[in-house]
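Undergrad: Turn this into a model:
(3 chains)
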Amino acid sequence: MDTLLRVNHIAKSFDGAGVLRDVSLEIREGQVVVIIGPSGCGKSTLLRCINGLEKIDSGEIWLRNEKISGLTKDLHLVRQKIGMVFQSYDLFPHMKVMDNLLLGPVRALGRSREETEQAAMAMLERVGLKDKAAVYPRTLSGGQKQRVALVRAMLMQPELLLLDEITAALDPEMVSEVLNVVIDLARDGMTMAIVTHEMRFAEAVADRVIFLEDGLVVEEDTPEQFFHDPQTERAKQFLQSFSYASKKQR
Amino acid sequence: MDWTFILEHVPDYLGGAWVTLRFGLYGVGCSMAVGLLCCLFRFFRVPVLRVIARVYVELSRNTPLLVQLFFLYAGLPRVGVKLSAEACAVIGLTFLGGGYMAEAFRSGLDSVEKAQKEAGECLGLKGSQVIRYVLLPQAAATAAPALFANVIFLIKETSMFSVLAMMDLMNVADTLRTGGGRTIEVLFMLVVAYLVILLPVSAAATLVERRLRYAGFGH
Amino acid sequence: MQDSGISILFKGINFQRLLGGLGITLRIALITIGLSILLGTIFGLMMLSKRKPFRFFCRFWLEIVRFMPQLVLLYLVYFGCARLFGWDLDGETSAVIVFTFWGTAEMGDLIRGALTSIPVHQQESAAALGLTQGQIYRHVLIPQTIRRLLPQAINLSTRIIKTTALVKMINVAEVLKVGQQIIGQFYRSPDAAFWVYLTIFLLYFIICWPISSLAGWLEKRWA
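TA: You can find the predicted model right below:
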């Protein structure tokens, strides 16, 4: 497997406060990396730096053989290869679901409308929203909106998918319907970087877990290692705060 | 009320109304374009242009149209810039209107969440595509009431065109009034003529506003 | 002898004459603003009356006065009233009458808007705390009404100042007319007109801009 994404010693601060201090990581093609850590440790900032929503202060980010950090123009081309889904779904309220899905592929990638519509319907069916193609987002529940957001990102056929706490704003009943879609995508070989608080999900979907605290990578393991036998003290403490969530149901 | 007089001069009023409406609408159209540009310069923080836009908006909103027209029509020729009456009308109205439209667009754009811009960018759309497909439709829906209030305001301001040498409604009325008495009839027709212009514009504005709200919010 | 345009402004008392003309405009504006505030408050309260036909009439009146261009209204009063009623109104008086009608209607609408925008539960929670009606007015309603009202009222004042430029059209000796007189006097100067009108433009700006900036600042502060 080739290395798809390489993050080299990046740092980012806001107003003098160092949110990311020295972060490096590597994601291989087809891998799913889950980023975990306490609030304010820089997880979201890390994702936002990868696709250029935030400019890094130092370090480099490489997508395959292309340096994607420090670009001032043509950022949109990078973002066509890296998809992102947010906690607040951010569907376009003035467009129906299908138009939301078509906008990227047709306008940014120049694909044909009919082709994209077919692909979109197929994906909607796969996530269980086939009959919602012609409605406005405001009629959908949170879980449905998030599934549409995932389809929207996937239709761009990105090489890497970034998921930023996509279930944090959902009611508990809807969390699993969204996460099941993500697990499905992982099974299909989608390369992903996921920020989440859902520990059981993390364990189920991750190939690697990265524990971030205070802007530094504190520990990096396989999920089995991280959740059952963490190497560092701080990881242990962090997991204990989820004591009821990290117990596996057997 | 001398109805024969009135009927006799309906064509004059129609001509005047047509002049007023025509140049008024040109001015409105150009104002929207100028206003949108200024707003975008400020929104995207384009270096020099954004300051110019800010200064322009303040200048245009704090001076009367009448003074602007005098300057364009009687002042500029003296330094070699000779503009026709019609050009002055449109330029003057555009100068005034652009500032108001810029403010309306600004409040509309401000009301669209920042997250929408990011969502559009993350999808890989270029800046101009993000504006066109994501931001503007939503901004227009919020800005619509203010934009249309401005349209009506600008059409009313066209009464100033009478200082220019063009036969707009006010000049038609003036000519008839000074020409041969019958002041009451002349003024009555003037009021009717403006109602005839403004009521449809106002109705059209309400309709388009409703349509834009539908597009922006889906209801 | 050719006088360069800009030096004309400083010749003799020309600049003072311009300011004099501006003073007339401002006088009309200030009287209008004062009357509009007084009458507007009454009109605004009338608009909130419990009786429906009354409210309807007020609303109707507001829309009519707002709908017509001010210049047309000015003509109606200045030329029309003379004919209809035989009144001999001078330009200034006509202007004050017309602009006050308009200003009252607009101010009334602003006051109505400000009063109705205060959420009802503010009054209710104040009452629940045991405040008397008088205290509720004094500490809750009036301060909030003023905060919503003042920036917009100031903007209305700016609009009134700009609108008074219209009196040029009914032969009041305001600043544009004085400007024309000066230009006529110095007809030999090639670019007098440019500088005179530019000056008038800047004079209006110097007066209106601080006021509207104040309104903007208040609005931000009290948002």
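
Undergrad: ok, what's across the strand from the most centrally placed residue in chain A?
TA: Note on chain A: the residue nearest the mean C-alpha position is A:Leu163, at 1.6 Å, using CA atoms, centre = their mean. A:Leu163 has these beta-bridge partners by DSSP bridges: A:Val85, A:Ile194.

Undergrad: That one contacts A:Met190, correct?
TA: No: using CB atoms under 8 Å, A:Leu163 is not in contact with A:Met190; the gap is 10.3 Å. C-beta here means a position set from N, CA and C on the backbone, and glycine is covered the same way.

Undergrad: Can you give me every residue that contacts residue 193?
TA: Looking at chain A here, since you left the chain open. Counting by CB atoms under 8 Å, 6 or more residues apart in numbering or on different chains, A:Ala193 touches A:Leu5, A:Ile27, A:Val33, A:Ile35, A:Leu47, A:Ile50, A:Leu160, A:Leu161, A:Leu162, A:Leu163.

Undergrad: wait, chain B
TA: Contacts of B:Ala193 by CB under 8 Å, 6+ apart are B:Tyr13, B:Gly16, B:Ala17, B:Leu169.

Undergrad: what about 7 Å?
TA: B:Tyr13, B:Ala17, B:Leu169 (CB atoms under 7 Å, 6 or more residues apart in numbering or on different chains).

Undergrad: Against B:Ala203, how distant is it?
TA: 17 Å (CB to CB, to the nearest Å).

Undergrad: so A:Arg28 bridges to which residues?
TA: A:Thr3.

Undergrad: got it, and the one 4 residues further on?
TA: Counting by DSSP bridges, A:Val32 is bridged to A:Met192.

Undergrad: What is the burial count for it?
TA: The number of residues packed near A:Val32 is 25, by other CB atoms under 10 Å in any protein chain shown.

Undergrad: what's the distance between it and A:Phe238?
TA: To A:Phe238, A:Val32 is 20 Å away according to CB to CB.

Undergrad: Longest helix in chain B, please.
TA: Using DSSP state H, we find that the single longest helix of chain B is helix B:3-43.

Undergrad: Need the contact partners of the one helix or strand in chain A whose mean pLDDT sits lowest.
TA: The helix or strand of chain A with the poorest confidence is helix A:233-240; it has a mean of 84 (mean pLDDT, DSSP states H and E). Outside helix A:233-240, the residues that touch it by CB under 7 Å, 6+ apart are A:Pro38, A:Phe211, A:Glu213, A:Val218, A:Glu219, A:Phe226, A:Phe227, A:Pro230, A:Ser246.

Undergrad: what distance separates it from the centre of its chain?
TA: 23 Å (CA atoms, centre = their mean, to the nearest Å).

Undergrad: list the buried ones in that helix?
TA: For helix A:233-240, a neighbour-count test (16 or more other CB atoms under 10 Å in any protein chain shown) marks A:Ala235, A:Phe238, A:Leu239 as buried.

Undergrad: Pick the one among those closest to C:Gln70.
TA: Each of these was checked against C:Gln70 using CB to CB; the closest is A:Phe238, at 69.3 Å.

Undergrad: Please report the distance of the residue lying closest to B:Ala17 once chain neighbours are set aside from B:Glu58.
TA: Among residues not flanking B:Ala17 along the chain, B:Ala193 sits closest, at 5.0 Å (CB to CB, 6 or more residues apart in numbering or on different chains). The spacing between B:Ala193 and B:Glu58, counted by CB to CB, is 34 Å.
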